[in-house]
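Trainee: When you get a sec, could you give me coordinates for this:
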Amino acid sequence: MGVSDFGVYDGRQIQVNQDHLASSERFWEILDTLIHEDRHAYQHWSLITPGFHSDPGQVRAWADNWENYLDPKEVLFGGIGHSLLKMTHSGSPKASSWES
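Mentor: This next block holds a predicted model:
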């Protein structure tokens with residue numbers, strides 16, 4: 001994992017950046033990461049265990065997101081995300097409405 005990566009849920013387990021565990025100053029970031037990745041694990045379990053989550057519509061939305069997942073790094077630093085990032089820095093009206 002890169003230094004800016006906090007953790008990941010890979011469909012089987014939650015992994016946390018070992019370098020971040022070495023610092024007590026990162027306690028809240030690590031806790032936030034665990035809660036965030038645990039939510040992904042909950043969503044995944046809901047997808048593979050029919051009836052586990054009480055809202056079928058929400059499970060369908062999670063399934064769509066799971067199948068069409070966009071890596072945040074790719075969105076922010078490549079392709080369309082690169083254009084959005086450039087728009088943000090240019091101060092265009094579209095960028096400011098996108099940010100809000």
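Trainee: Would you mind stating the distance between N17 and W28?
Mentor: 14 Å (Cβ to Cβ, to the nearest Å). (Glycine included, C-beta is placed from N, CA and C.)
Trainee: How much space separates L47 from G2?
Mentor: L47 is 28 Å from G2, by Cβ to Cβ.
Trainee: can you check R26 too?
Mentor: Counting by Cβ to Cβ, the gap from R26 to G2 is 15 Å.
Trainee: do the same with H20
Mentor: Separation of H20 from G2 (Cβ to Cβ): 11 Å.
Trainee: Same question for T33.
Mentor: 14 Å.
Trainee: One more: W66?
Mentor: W66 is 23 Å from G2, by Cβ to Cβ.
Trainee: by contact count, what packs against the helix ranked longest in the chain?
Mentor: What stands out as the longest helix in the chain, according to DSSP state H, is helix 27-48. The contact analysis (3 or more Cβ pairs under 8 Å, 6 or more residues apart in numbering; DSSP states H and E) places helix 27-48 against strand 7-9, strand 14-16, helix 18-21, helix 56-67.
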